[in-house]
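A.B. asks: here's a sequence, model it:
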Amino acid sequence: MSIQGTVHSVETFGTLDGPGVRYVLFLQGCSLRCRYCHNPDTWSMKGKGVTDSATVVKEILTYRSFIGKGGVTLSGGEPLMQPAFALDIIQRCKKEGLHTALDTAGSVPLEFSRPVIDAADLILLDIKSLDDRQSFSLTGMGNANTLATLEYCESIGKKVWLRHVLVPGWTLDEKRLEALAAYLKDFSCIEQVELLPYHSMGQYKWEQLKLDYTLKGVKEPSEKELTMARAVFERQGLKVLMSGIAKQKADTKVG
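C.D. replies: Numbering: from 1, shown residues only. Coordinates of the predicted model:
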């Protein structure tokens, strides 16, 4: 039986959300209110893209020749806000031999998210902050569910690509990064840590939605800050991937 759900948008040639070229499906709905969110229009569970899982996968399969060596990534919003819909899409894709990834902040309790995590081939897990109080201030929610999600992935041997946004004045702090790196180093499920530099490219969406963008005026991380951040995680033996402009800047570092 096909499951009904709401899709925000799709990216048919994604290269940043998992290995290879991917079909990225952005689902509607998110319980977090991240200050730097570049898709605040995904927060609401309501949307114009009401569809069903069979229809979604039928469309995905038209791109099989492009994504055959990559796969499908469910993102959002928070895809785990629609667990039955997400699970059915993943299961249908796997039956077609497609690699599946779940891009999540782990903010949904495991009692709802566990079946989806079990089914996906790879989890792209975004830890907003290791500090529970800072996490609440930055996103409107603490980090207990996120850390429980990581621990569950470790317990079942689920592959994880850990993501962390570097926000100047918030998470881009050497001591905070050292604490996070020390926490992550013993998780064998983590294949790599992706550091994402803060940017304000989604600020215009906040303005369109008449929302207060509280990080107005915050500058993107400098080359020196990005080099420092990468070094912190590498010192703990973690494989680090710099994303976008961060990679361009931090790759100037030698050894």
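
A.B. asks: how about Asp132, nearest residue that isn't a chain neighbour?
C.D. replies: Leaving aside its sequence neighbours, Asp132 sits nearest to Gly142 (CB to CB, 6 or more residues apart in numbering; 4.6 Å). Backbone N, C-alpha and C define where each C-beta goes, glycine included.

A.B. asks: roughly how far does the one you found sit from Ser129?
C.D. replies: Between Gly142 and Ser129 the distance is 9 Å, computed by CB to CB, to the nearest Å.

A.B. asks: so what sits against both of these two?
C.D. replies: The contact sets of Gly142 and Ser129 overlap at Ser135 (CB atoms under 8 Å, 6 or more residues apart in numbering).

A.B. asks: so between those two, which is more surrounded?
C.D. replies: Comparing Gly142 with Ser129 by other CB atoms under 10 Å, the one with more neighbours is Ser129, at 23 against 18.

A.B. asks: need the contact list for that one.
C.D. replies: Ser135, Leu138, Thr139, Asn143, Trp170, Thr171, Arg176.

A.B. asks: what confidence value was assigned to the residue nearest to the fourth one when sequence neighbours are not counted?
C.D. replies: If you skip the residues right next to it in sequence, Asn143 has Ser135 as its closest partner in space, 4.2 Å away by CB to CB, 6+ apart. Reported pLDDT at Ser135 in the predicted model: 98.

A.B. asks: residues in contact with the helix or strand hosting Ser135?
C.D. replies: In the assignment (DSSP states H and E), Ser135 maps to helix 132-139. By CB under 8 Å, 6+ apart, the surrounding residues in contact with helix 132-139 are 32-35, 105, 107, 128-129, 141-144, 146, 167, 170-171, 176.

A.B. asks: now the two most distant members of the contacts of Ser129.
C.D. replies: Within these, two members stand farthest from each other by CB to CB: Thr139 and Arg176, at 15.0 Å.

A.B. asks: how about the contacts of Ser129 in a markdown table, adding distance to Ser44 and neighbour count?
C.D. replies: Formatted as a markdown table, those follow (distance: CB to CB, whole Å; neighbours: other CB atoms under 10 Å):
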| residue | distance to Ser44 | neighbour count |
| --- | --- | --- |
| Ser135 | 22 | 24 |
| Leu138 | 20 | 23 |
| Thr139 | 17 | 23 |
| Asn143 | 23 | 24 |
| Trp170 | 25 | 20 |
| Thr171 | 26 | 24 |
| Arg176 | 31 | 16 |
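
A.B. asks: ok, those vs Ala229, which is closest?
C.D. replies: After measuring the contacts of Ser129 against Ala229 - CB to CB - the closest member comes out as Thr171, at 9.3 Å.

A.B. asks: look up the closest residue to Leu124, ignoring the ones flanking it.
C.D. replies: Of all residues not flanking Leu124 in the chain, Asp103 sits nearest, at 4.2 Å (CB to CB, 6+ apart).

A.B. asks: how many neighbours does the one you found have?
C.D. replies: 27.

A.B. asks: hey, where'd the helices end up in the stretch 51-200 of the chain?
C.D. replies: For the stretch 51-200 of the chain, the helices defined by DSSP state H, counting those that start in this stretch cover 53-61, 64-67, 83-95, 110-119, 132-139, 144-156, 174-184.

A.B. asks: Ser75 is nearest to which of those?
C.D. replies: Judging those by CB to CB, what sits closest to Ser75 is helix 83-95, at 10.2 Å.

A.B. asks: for the closest one, which outside residues touch it?
C.D. replies: Residues contacting helix 83-95 (CB under 8 Å, 6+ apart): 2-5, 25, 27, 53-54, 56-57, 60, 71-72, 74, 79-80, 100, 102, 108, 112-113, 115-116, 119-121.

A.B. asks: what about Tyr183, distance to Ile190?
C.D. replies: Taking CB to CB, one finds Tyr183 at 11 Å from Ile190.

A.B. asks: which one of those two is surrounded by more residues?
C.D. replies: Between Tyr183 and Ile190, Ile190 has the larger neighbour count (other CB under 10 Å), namely 20 against 14.
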